[in-house]
Each structure stands twice: as structure tokens, then as C-alpha cells.
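Student: Below is the structure, and that's it, no one-letter string:
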């Protein structure tokens, strides 16, 4: 089959940041399950894709040494450029899982993260990963695993199989994977137009595959055109990971911790006495397509007194301007959590300083701790709030260095709208224009007029201009005042947040 073992390698995976791979966000979900979070000093990501996530995590977590493997050389080259620019402690390899996972120089890891690739590799490679976890995940260590599961994929299985089969059998062998994905999606669309009887029993399948037309072709290539693909029940994955002495700890999806099931479903699950049966049945109830789970090697259950203290010590920070956060939460599913509790949390975090749950409790107007926890969970799930490291780093030169590189790339035209925060230990979303304003600030511009002029210099050199009331503004005299309005808003609303996050 060749060095790629059936995996798509002629097109890079999408560039982005997966927040779930930041092991420091696991604190509250694990404590919510009564478990002690591990101390993270060494971490590993298997199948890191373009490497944006591992590069940012390594730069934003100065006390953690990261290792990672992805056998696409283009991915590793891009990621290494980011890591070398930051100087973070991060070791990246283009070895196969079989070669990387058996290296004698690997340390024991406190955390391992595997997002997506578990579902795209062969059974043999999954066995390699399990053996690696058995040998190299430290006792007490944490695994984050993101993977496809059967219930949500079941209606789409036949069409997904046909899409991959068409790419394999009916497209030219030398055609790029992105072109194969496009041709195969068109094939599925033509098939759907024939009104096959299958769609009468799976009516959502047609709508799902039409949605796929809007996805990046690089994503579609990696999701659907690999030789190996699986969406097994939770119980099958649990049985495999049990071979590495791992047990399910908690969902990594914060919303799962407040999402309410209908009473009859909740009672049904409560009557089941094994985790494998409970979680597999729950996936059917909610029609789960992709799970995001924490697993541990050896549970450390805390006494009630110690659990309460550990929960109250968890820190969180508001990562959006207050008005933006309020609008996001007004539109989000609050899962029945009281709006007054959500408002109290936002008020406690309004100055964008990291605060513990205990500190929020002290100013939350007599709200019970469990109500505050639920409100924080809703805020994290919706995006305006993120978990913060329990202690701010003394210094984070790697994050500063990486951010300078990312800002420079933004000025050059790259649309990677992320910067590293040593406060959260991960990435924060920063739009390209805001990064350009930050670049101007790094070069000494402190007031809106100077930042606006700098932004115009950068963007006009690339043929970019503002559009106002449907008309493209052409001259500096027309553009710079509009950029000044945006720079003024940036200084007033965005910059204080980015400063609190250690980004600016």
C-alpha cells in the first residue's frame, strides 16, 4: 500500500486550532466527575495535521514539553517552522505511528491527545496507538480522544461508502484528492436526484451530503477518501482502550455536562450499571456522530472536602468583549441553566482578569456553587469564556515569539486568525485586521490614526480596500478614516481583552 498506508497525503489537512487538545481545559470536566486532574509536564499529540494546534499549545504552555507525530512531511515542515520560530519545547516527527510509538527516547507522558485520526487509520494502527498508551501514558495520565461513533453516522454510511468508492474506482488515478472529492460529491448529488428508496428510511442523509458541498475540499479528502474509516460504537472503543488500562472519565465537550435528557431517558440510563452500556445507549438517544472524551489510566477520586477545594481553585477568563459575549450567550443553547447565573458569571469576569470559581462565588450574589459551575460550563461551551491555567506563567517568551510570527503572516495575507495565550495555555481567535493593528502596535503605533495608516499601507499593497455602502473605497483619503474608526474600536474593546490574555 506504500508509506502512506492508504491515508490521503497529496493535500494538507485544514489549518486550525482544536481547543479540546489543550489538556488544561480538562480540569473542570474531570472534577465534575469527581476525579483529580493530572499535573501536566509532558504531552503528546498523535496525528497533529498541519501542526497549528501543537505549535500553539507548546508555545502557550511553557512548563510542558510536547512531542508529536504526523507522517505527512508537508505538515511537519509547516509545524516545525512555527515551533522553531517560537523556541518552544516541542519535538515533531514525520514517522509512522508504528515507528514513532516505539522510539526508545520517548518519555512517559502525562497527557496524550488524538483528535479525529483514530477514525481514519487501520485496525493495525489503532492497535499501535493502544500499545503506545499502555506503555507510555503515565499512571494517572490523561487521554483526550475525538472519534466518530456509530449512531449519528449510521444513516449516512451507505452514501459515505459510495462517495469513497466513486473516488477509488471512477476518478483518474493521478487526479488530486481535492478534485476526487469534488467529483465524488457531484456523483452523490446525482444519485440523490434519482430519489433512491434508501432516502425514505434515512431522510436526513441527503441534507447532510448537500451541506458537505460547502466544506473545504481538503477536509473532505481526509474525512472521506482514506482507505480506512470507522465509526464504531463507544463500547468497542472502550474495549480497545481497556487493553491499555484506560477507563472513561468524562466528556470533553463542556455542553455534555449540562445537557439535559428527557426524564424517561435519564431514568433509563440511571438503571444501567456499566459505563459501556450507559454511554453506548446515550449515543443512540442523542444520535451522536462524533465523541470527544477524556480517559484516564487509574482513577484518583477525591474526598468531598478536597474535591470542593479543587473545584473552587479552577480559573476562568472572559475572552471576548462583554457585549460580544452577551450576544453570543443570548443566541446559544443554555440547556436550561438559569440566565441570572450566566449574567452573574459574566459580571464577575467582566474586567477580563482570570478568576477562580471560588472568587466568582464570592461576588455572585449568594448563588450556589453548583449553579455557578453550570453557568461557567455554558459560557465555555458557547465560547466567550475559557479555562485559564491555575497559575500564570512567570514568562512566556515562546508565546510572544510565535505571536510575532503569526502577526507577520497575517500582514502577508495569511488568514490564520489565531494567537497564543499563555493565560489559557491555548489559542484565542484574533481576526486578521486586529492582528495587523497589533503588528502596527509592535512597531510603535499607539494611537488610532497611526494604526489606521499602517493598516492601509499593508492592505493597499495587496490590492485590498474598504467597502462602504456597497462601494469600494479607492484612495487613501477615503480608506484611512474608515480604518481609524475600526482602530478606535479595537483599542477600546479588543486590546484590553488581548492584554489580559497575554497576547498583546
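Tutor: Yep, it's here. Keep in mind the model is a prediction, meaning the values are calculated, not measured. Numbering: from 1, shown residues only.
Student: Spatially nearest residue to residue 300, not counting backbone neighbours?
Tutor: In space, and not counting its chain neighbours, residue 300 is closest to residue 36: 4.1 Å by CB to CB, 6 or more residues apart in numbering. To be clear about C-beta, it is placed using only N, CA and C from the backbone, and glycine gets the same treatment.
Student: Quick check: pLDDT value at the one you found.
Tutor: Predicted confidence (pLDDT) for residue 36: 96.
Student: right, and the secondary structure at residue 441 would be what?
Tutor: helix (DSSP: H, G, I helix; E, B strand; the rest coil).
Student: Which residues does the helix or strand encompassing residue 307 contact?
Tutor: Taking DSSP states H and E as the criterion, residue 307 maps to helix 304-313. Helix 304-313 has contacts (CB atoms under 8 Å, 6 or more residues apart in numbering) with 28, 31, 34, 36-37, 302, 356-358, 361, 369, 373, 390.
Student: at 7 Å instead, please
Tutor: Contacts of helix 304-313 with the rest of the structure, by CB atoms under 7 Å, 6 or more residues apart in numbering, involve 31, 34, 36, 302, 356, 357, 358, 361, 373, 390.
Student: Please identify the buried residues of that helix?
Tutor: 307, 310, 311, 312 (16 or more other CB atoms under 10 Å).
Student: ok so, going back, which residues does the residue nearest to residue 300 contact?
Tutor: 300, 302, 310.
Student: Next one: it from residue 301, what distance?
Tutor: 8 Å (CB to CB, to the nearest Å).
Student: cool, and residue 373?
Tutor: Distance, residue 373 to residue 301, by CB to CB: 18 Å.
Student: okay, now the residue lying closest to residue 232 once chain neighbours are set aside: neighbour count?
Tutor: Closest residue to residue 232 apart from its sequence neighbours, by CB to CB, 6+ apart: residue 150 at 6.2 Å. When neighbours are counted by other CB atoms under 10 Å, residue 150 registers 19.
Student: quick one: residue 150 and residue 231 touch, right?
Tutor: Yes - the criterion here is CB atoms under 7 Å, and residue 150 meets it with residue 231 at 5.2 Å.
Student: Can you report how many residues neighbour residue 412?
Tutor: For residue 412, using other CB under 10 Å, the count is 9.
Student: State the distance from it to residue 462.
Tutor: For residue 412 relative to residue 462 (CB to CB), the value is 9 Å.
Student: Any idea how many residues pack against residue 453?
Tutor: 17.
Student: hang on, I meant residue 124
Tutor: 11.
Student: can you tell me the helix or strand for it?
Tutor: Residue-wise, residue 124 maps onto helix 123-136 under DSSP H and E.
Student: on that earlier part again, would you reformat the buried residues of helix 304-313 as JSON lines and include pLDDT and distance to residue 350?
Tutor: Shown next, in JSON lines, are the buried residues of helix 304-313 (pLDDT from 0 to 100; distance: CB to CB, whole Å):
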{"residue": "307", "pLDDT": "97", "distance to residue 350": "28"}
{"residue": "310", "pLDDT": "97", "distance to residue 350": "25"}
{"residue": "311", "pLDDT": "97", "distance to residue 350": "22"}
{"residue": "312", "pLDDT": "97", "distance to residue 350": "20"}
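Student: from the residues you listed, which is closest to residue 449?
Tutor: Nearest to residue 449, judged by CB to CB, of these is residue 312 at 46.1 Å.
Student: which secondary structure elements does the helix or strand where residue 144 lies contact?
Tutor: Following DSSP H and E, one finds residue 144 within strand 137-148. The contact analysis (3 or more CB pairs under 7 Å, 6 or more residues apart in numbering; DSSP states H and E) places strand 137-148 against strand 109-115, strand 290-296.
Student: Try it again at 10 Å.
Tutor: Other helices and strands packing on strand 137-148, by 3 or more CB pairs under 10 Å, 6 or more residues apart in numbering; DSSP states H and E, are strand 42-46, strand 109-115, helix 123-136, helix 234-242, strand 247-251, strand 290-296.
Student: closest to residue 187 out of the ones you listed?
Tutor: strand 290-296 (24.6 Å).
Student: For that closest one, give the mean pLDDT please.
Tutor: 98.
Student: how about it: buried residues?
Tutor: Neighbour count says strand 290-296 has 291, 292, 293, 294, 295, 296 buried, by 16+ other CB under 10 Å.
Student: Span of stretch 150-162 from start to end?
Tutor: Criterion CA to CA, to the nearest Å; first-to-last residue distance in stretch 150-162 is 17 Å.
Student: so how far is residue 90 from residue 483?
Tutor: Residue 483 is 36 Å from residue 90, by CB to CB.
Student: same question, residue 248
Tutor: In terms of CB to CB, residue 248 sits 29 Å off from residue 90.
Student: what does residue 414 give?
Tutor: Residue 414 is 20 Å from residue 90, by CB to CB.
Student: same thing with residue 267?
Tutor: Applying CB to CB, the value for residue 267 to residue 90 is 47 Å.
Student: if you count what's nearby, which of these two comes out ahead?
Tutor: Neighbour count, other CB under 10 Å: between residue 267 and residue 90, residue 90 has more, with 27 against 10.
Student: so who does residue 317 touch?
Tutor: 349, 352-355, 384-389, 421, 423-424, 428, 497, 500-501 (CB atoms under 10 Å, 6 or more residues apart in numbering).
Student: swap in residue 483?
Tutor: Counted by CB under 10 Å, 6+ apart, residue 483 has contacts 433, 436-437, 448-449, 451-456, 459, 466, 473, 476, 490.
Student: Go again with 8 Å.
Tutor: If you count contacts by CB under 8 Å, 6+ apart, residue 483 has them with 451, 452, 453, 455, 456, 466.
Student: Could you tell me how many residues sit around residue 106?
Tutor: 18.
Student: hang on, it packs against residue 67?
Tutor: Yes - using CB atoms under 8 Å, residue 106 makes contact with residue 67 at a distance of 6.6 Å.
Student: got the phi/psi numbers for the residue nearest to residue 300?
Tutor: Taking degrees, to the nearest 10, you get phi -80, psi 130 for the backbone angles of residue 36.
Student: buried residues in stretch 365-372?
Tutor: Buried, per 16+ other CB under 10 Å, within stretch 365-372: 367, 371, 372.
Student: what do you get for stretch 228-245?
Tutor: Residues of stretch 228-245 classed as buried by neighbour count (16+ other CB under 10 Å): 229, 230, 231, 232, 233, 234, 235, 237, 238, 240, 241, 244.
Student: hmm, back to that, and the helix holding residue 124, what does it pack against?
Tutor: Using 3 or more CB pairs under 8 Å, 6 or more residues apart in numbering; DSSP states H and E as the contact definition, the elements that helix 123-136 packs against are strand 42-46, helix 97-100, strand 109-115, helix 234-242.
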